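Colleague: Provided below for reference: sequence and predicted model.
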Amino acid sequence: MTLFGCKNERMDALLSQLFEEEEEEEEEEEEEEEEEEEEEEEEEEEEEEEEEEEEEEEEEEEEEEEEEEEERAVVGIWSSIAWLVGMTILISILSQYIVATIEVT
């Protein structure tokens, strides 16, 4: 009797060879599956990193927009103050002109 219980040694050798080939194929398939899983995990990690980067960029853009809005608001306030000061000066000059005109006549 031989490994597979065959009386023929040649048949036993062929069966052994087939068995080994099947084991090798199974191992190769398992390795391929593991490689595919690793690649998928790497892709998922890359996607997550890209999403995080995009979120960070969006947050930075929002912060920049908020800062710009604040700057515009400050500029608007100063513009209003400058307009009021200008109008006050203009009114003062006009009132002095009117008073001077009345005194002359």
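Modeller: Noted; the coordinates are in hand.
Colleague: mean confidence score for the helix or strand harbouring residue 86?
Modeller: According to DSSP states H and E, residue 86 maps onto helix 9-104. Average pLDDT, helix 9-104: 92.
Colleague: which residue is nearest the centroid of the chain?
Modeller: residue 54 (1.1 Å; C-alpha atoms, centre = their mean).
Colleague: roughly how far does that one sit from residue 60?
Modeller: Using C-beta to C-beta, to the nearest Å, residue 54 is found at 11 Å from residue 60. For every residue, glycine as well, the C-beta is placed using N, CA and C.
Colleague: how about this protein, which residue sits the furthest from its center?
Modeller: Distance from the C-alpha centroid of the chain, by C-alpha atoms, centre = their mean, peaks at residue 105 (76.4 Å).
Colleague: how near is it to residue 98?
Modeller: When distance is defined by C-beta to C-beta, residue 105 is 11 Å away from residue 98.
Colleague: using CSV, write out every CA atom in stretch 94-105.
Modeller: Taking Å, rounded to 0.1, in the frame of the first residue of the first chain, the C-alpha atoms of stretch 94-105 are listed here in CSV:
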residue,chain,number,x,y,z
LEU,A,94,-22.2,125.6,4.8
SER,A,95,-23.5,126.9,8.1
GLN,A,96,-20.5,129.2,8.4
TYR,A,97,-21.1,130.4,4.8
ILE,A,98,-24.8,131.1,5.6
VAL,A,99,-23.9,133.0,8.8
ALA,A,100,-21.3,135.0,6.9
THR,A,101,-23.8,135.8,4.1
ILE,A,102,-26.4,136.9,6.6
GLU,A,103,-24.0,139.2,8.4
VAL,A,104,-22.9,140.8,5.1
THR,A,105,-26.5,141.7,4.1
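Colleague: chain center to that stretch: distance?
Modeller: Its chain's average C-alpha position is 68 Å from that of stretch 94-105, according to C-alpha atoms, centre = their mean, to the nearest Å.
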